[in-house]
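> curious how this folds, go ahead:
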Amino acid sequence: MRNILITGGAGFIGSHVVRLFVNNYPDYNIINLDLLTYAGNLENLKDIDDKPNYTFVKADICDYDAVVDTFSRYKIDGIIHLAAESHVDRSIKDPFSFARTNVMGTLNLLQAAKSYWEGNFENKLFYHVSTDEVYGSLGNEGFFSETTAYDPHSPYSASKASSDHFVRAFYDTYGLPIVISNCSNNYGSYQFPEKLIPLFINNICNNKPLPVYGKGQNVRDWLYVEDHAKAIDVIFHKGKLGDTYNIGGFNEWKNIDLIKTLIKVVDRFLGREEGASEKLITYVKDRAGHDFRYAIDASKLKNELGWEPSLQFEEGIEKTVKWYLENKDWVKNVTSGEYQKYYKEMYE
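Below is the predicted model of the structure:
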């Protein structure tokens, strides 16, 4: 029996990881710790909330006493740390909350794990989930590898880079058993519609403008969220202690090309003329410090642990659009209230 703490488990990526572990490992106790801020939603997990090996704890990773209590109460022997502020636009407006959650929150978890395990690190693991944005920006050529130097350009990526450094410091200084993964852009079901793909699906459905930064030439590598969850599973169980693994989708797209592909798929599902919604594209002032290109070399993960993505983008985006169109009540619920205020401030 293992007792695994998953932080941020009510969020987008976290809910997929929680669901996978609860369903695949009935002999594990899965404890989901989440503060339920705007992007955390227990609706994401209503299909497993009555499972006997699943427990939800509402708490803030920045509350050290609450974290310590969770370790003690549930006898935690492994942690998958996903809880984070993650939206670049928000970080530009409020860098303090990103430093608080992503840096100090991570430090609280590290210190709690070190103290609770009391130097008996056998069969323990602190798995820290990070982002490819810590590496900075690429030109037209090349890929991020696990040895790429850090060069963060936004308050978000700076906060994640800092948390990565603290995790490695606890490994080097105290011998805390850790592993880190850095992933590319995720997409799929249950993603809060501040991010590009669910935001644009929602806007296309409602004939609202599609705000494209600059000329839409920035390039991103896209990873289907269920593939990411499977990679986390593999790394958690087979990853080498102290190592970093890059997780990428091998799916590079210019933003404008992705958007036009997304428009075609949504228009087809809605019974509109294919591409009719391209008229909604609205070019807006580029984001400050906007990285030009991200691209992940995930060959280490493939060669050492046998993981590779199961879906290419065209198949993944079909499944994603279908899910959002079939779950309009979920979208309606998460885009009410404070979201409307935020949307007007950010995009109108």
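> and residue 274, how far from residue 253?
Using C-beta to C-beta, to the nearest Å, residue 274 is found at 19 Å from residue 253. C-beta: built from backbone N, CA, C; applies to glycine.
> neighbour-wise, which of the two wins?
In this view residue 274 and residue 253 are compared by other C-beta atoms under 10 Å, and residue 253 has more residues nearby, 19 against 12.
> quick one: residues contacting the more buried one.
Residue 253 makes contacts with 219, 220, 222, 261, 313, as judged by C-beta atoms under 8 Å, 6 or more residues apart in numbering.
> got the phi and psi for the second one?
Put plainly, it is residue 220. Backbone torsions of residue 220, given as degrees, to the nearest 10, read phi -130, psi 150.
> now swap in the first one and tell me
Dihedral pair for residue 219: phi -110, psi 140, per degrees, to the nearest 10.
> how about the nearest residue in space to it that is not next to it in sequence, phi and psi?
For residue 219, ignoring the flanking residues on the chain, the nearest one in space by C-beta to C-beta, 6 or more residues apart in numbering is residue 293 at 4.0 Å. Backbone torsions of residue 293, given as degrees, to the nearest 10, read phi -150, psi 140.
> and residue 293, what does it touch?
Counted by C-beta under 8 Å, 6+ apart, residue 293 has contacts 137, 138, 139, 140, 218, 219, 220, 252.
> the most far-flung residue of the chain relative to its centre in helix, strand or coil?
Within the chain, the residue lying farthest from the chain centre (C-alpha atoms, centre = their mean) is residue 273, at 33.3 Å. Secondary structure state of residue 273, per DSSP: H, G, I helix; E, B strand; the rest coil, is coil.
> would you list the phi and psi of it?
Main-chain dihedrals, residue 273, degrees, to the nearest 10: phi -60, psi 130.
> repeat that for residue 123.
Dihedral angles (degrees, to the nearest 10) for residue 123: phi 60, psi 30.
> neighbours of it, how many?
If you count neighbours by other C-beta under 10 Å, residue 123 ends up with 10.
> list the contacts of the spatially closest residue to it that is not a sequence neighbour.
Closest residue to residue 123 apart from its sequence neighbours, by C-beta to C-beta, 6+ apart: residue 77 at 6.4 Å. Applying C-beta under 8 Å, 6+ apart to residue 77 gives the contacts 2, 3, 4, 117, 123, 124, 125.
> give me the buried entries from these.
Among those, the ones that count as buried by 16 or more other C-beta atoms under 10 Å are 3, 4, 117, 124, 125.
> which residue packs closest to the last one, ignoring adjacent ones?
Distance criterion C-beta to C-beta, 6+ apart; nearest residue to residue 125, sequence neighbours excluded, is residue 78 at 4.7 Å.
> residues of the host helix or strand of residue 13 that come out buried?
According to DSSP states H and E, residue 13 maps onto helix 12-24. Within helix 12-24, the residues that qualify as buried are 12, 13, 14, 15, 16, 17, 18, 19, 20, 21, 22, counting by 16+ other C-beta under 10 Å.
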